[in-house]
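Enquirer: Mind folding the following:
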Amino acid sequence: MKKRSIYSLDPPKVLVAGFALIIILGAFLLTLPIATTSGKGLLWLDALFTSTSATCVTGLVVVDTGTTFTMFGQLVILSLIQIGGLGFMTFATLFAFLLGKRISLKERLLLQEALNNLSVEGIVRLVKRILIFTIVIELIGAILLATRFAFDMPLPRAIYYGIFHSVSNFNNAGFDLMGEFRSLTGYVEDPLVTLVVCMLITLGGIGFIVMNEVYEYRQTRRFSLHTKVVFLTSSLLVVLGTVLIFLFEFNNPKTLQPLSMSGKFLGSLFQAVTPRTAGANTLNIPDLTQPTLFLIIILMFIGASSGSTGGGIKTTTLATLLGAVWSQIKGKEDVVLFKRRIPYDTIYKALTVTLSGLLLVMTVTMLLTITEPGKEFLMILFEATSAFATVGLSMGLTPELSPFGKILIILTMFAGRVGPLTIAFAVTLRRKPDPFKHPKGKIMIG
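Expert: This is a model prediction of the structure:
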């Protein structure tokens, strides 16, 4: 009998297994004495939490990255961020390129599933471009950030910090080396750091398919429906988020009030962009007003765009559901976006993804209220949403989590990165079409 290899499994099973193996390997490396400044290594649960957060490009941390880990430990985290952001199948393909190996049809199907691409056609060419886009964008970001950091620290350290924060933010991870859980709060009024990090987060969050279409626009002179929806939805969310945060925090003495007008704008813009699953912050999250915190929860749940390094239900899912609601209000049968009719299976998938996300966040929130007694409900809801959407923002609950709370957040981050549907498909039997159709029935709605 032929040996059953990992490539004989369904793509969802391969993705779930692959991410799990990378997380376990990363956790083992972080338990080594060489990984921490104390020389003792992390406790296994804390190492597993950190490895999951890095691989799932979340950014939630139970220990301070800048002061707890040695350069070895930080490089392990950085490697996990890069692998988790691009996907391990992308890196497997890179090694295949280097070895001159041909990419099989099964591997192409795995890449299609990993990148959430609509078709297997041109998938290898897309992977090559993804690698090029990543290197170029992260290099430019590293140079710009290192140039700014060089004014505050020695040049070698500035270069290292520039590389780390460029990779972390492009992959929407949110890990930082500033120490004492400060993130980028020291640069709230700095236009270079704010705008560069916002651009890295945005480019990582719009998705590689969109980036590829922008690159090919000179030849094609057109954008697909997917790209148009991503651009419109992402732009509206950033603009609306910036305006609302500016208004909500304008008179808050702990956040925007002491800043100059340009500082208020930069602070508002950054906090509108970073909930799109990035996790860095220039304003102290616990000091934000409740309307701002609730707005950030909504933005985190929506997340980035399909085929990107970010999480959440995705901007295209939101646009599809809003389109369906608008069609129902107007009494129309079809959902139309940019003069294109959306298939019903796409609408069903959008609804399934959204409800699955809601159920997961609600369940985790309810369980955390049991495992973390005495904590504010908004803080717990914020943490659960941040973990599901792989954002990494926190109101300060993460370092205080109980062992059961840490396990809950680990599972939530994993589900959020891989996707609830992918996990569901991975654990179920091979799916078969129904052999017959049931008669129609009517129920009352609304």
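
Enquirer: Is V391 in a helix, a strand, or coil?
Expert: Secondary structure state of V391, per DSSP: H, G, I helix; E, B strand; the rest coil, is coil.

Enquirer: For it, grab the count of nearby residues.
Expert: As a burial measure, the neighbour count of V391 was computed by other C-beta atoms under 10 Å and equals 36. Using the backbone N, CA and C atoms, a C-beta is placed for each residue, glycine as well.

Enquirer: same check, this time on the one 4 residues further on
Expert: Neighbouring residues of M395 were enumerated by other C-beta under 10 Å; the total is 21.

Enquirer: what pLDDT does R431 get?
Expert: R431 is assigned 54 on the pLDDT scale.

Enquirer: Grab the nearest non-local neighbour of T282.
Expert: Nearest residue to T282, sequence neighbours excluded (C-beta to C-beta, 6 or more residues apart in numbering): V188, at 4.0 Å.

Enquirer: from what I can see S51 touches T31, true?
Expert: No: if you go by C-beta atoms under 8 Å, S51 and T31 don't touch, sitting 9.5 Å apart.

Enquirer: Between these two, which contacts overlap?
Expert: Residues touching both S51 and T31 (C-beta atoms under 8 Å, 6 or more residues apart in numbering): none.

Enquirer: Comparing the two, which residue is more hemmed in?
Expert: Here S51 and T31 are compared on neighbour count by other C-beta under 10 Å; more neighbours surround S51, at 26 against 17.

Enquirer: Is the residue lying closest to R182 once chain neighbours are set aside part of a helix or strand, or is it coil?
Expert: Nearest in space to R182, with sequence neighbours left out and distances taken as C-beta to C-beta, 6+ apart, is D176 at 7.6 Å. Using three-state DSSP as the criterion, the local structure at D176 reads coil.

Enquirer: same thing with the one 5 residues further on?
Expert: For F181, the secondary-structure state derived from three-state DSSP is coil.

Enquirer: Geometric centre of the chain: which residue is closest?
Expert: Taking C-alpha atoms, centre = their mean, the centroid of the chain lies closest to G310, which sits 2.5 Å from it.

Enquirer: Next one, pLDDT for the residue nearest to T282 please.
Expert: We have a pLDDT of 94 for V188.

Enquirer: now the one 3 residues further on
Expert: According to the per-residue confidence, P191 scores 96 in pLDDT.

Enquirer: try G312
Expert: 89.

Enquirer: okay, now it: neighbour count?
Expert: When neighbours are counted by other C-beta under 10 Å, G312 comes out with 27.

Enquirer: Grab the nearest non-local neighbour of it.
Expert: Nearest-residue entry for G312: G303, 1.4 Å, with adjacent residues in sequence omitted and distances by C-beta to C-beta, 6+ apart.

Enquirer: So for stretch 292-309, mean pLDDT?
Expert: Averaging the model's pLDDT scores along stretch 292-309 yields 90.

Enquirer: Distance from that stretch to the middle of the chain?
Expert: Centroid separation between stretch 292-309 and its chain, computed with C-alpha atoms, centre = their mean, to the nearest Å, is 9 Å.

Enquirer: so how far is L195 from F246?
Expert: Here F246 is placed at a distance of 16 Å from L195 (C-beta to C-beta, to the nearest Å).

Enquirer: The two: who's more crowded?
Expert: Between F246 and L195, counted using other C-beta under 10 Å, F246 has the larger neighbour count: 18 against 15.

Enquirer: For burial, what's the neighbour tally of T398?
Expert: By other C-beta under 10 Å, the burial measure for T398, its neighbour count, is 23.

Enquirer: Quick check: closest non-adjacent residue to it.
Expert: Leaving aside its sequence neighbours, T398 sits nearest to L60 (C-beta to C-beta, 6+ apart; 4.9 Å).

Enquirer: Do you have the helices of the stretch 201-350 of the chain handy? List them.
Expert: Counting by DSSP state H, counting those that start in this stretch, the stretch 201-350 of the chain forms helices over residues 208-220, 225-249, 261-273, 290-302, 315-329, 344-371, given from the N-terminal end onward.

Enquirer: List the neighbours of the very next helix or strand once past the longest one that are in contact with it.
Expert: Same thing as helix 344-371. The C-terminal neighbour of helix 344-371 among helices and strands, as given by DSSP states H and E, is helix 377-388. Helix 377-388 has contacts (C-beta under 8 Å, 6+ apart) with 58, 60, 279, 290, 293-294, 296-297, 300-301, 311-312, 357, 360-361, 364-365, 368-369, 372, 391-398, 409, 412-413, 415-416.
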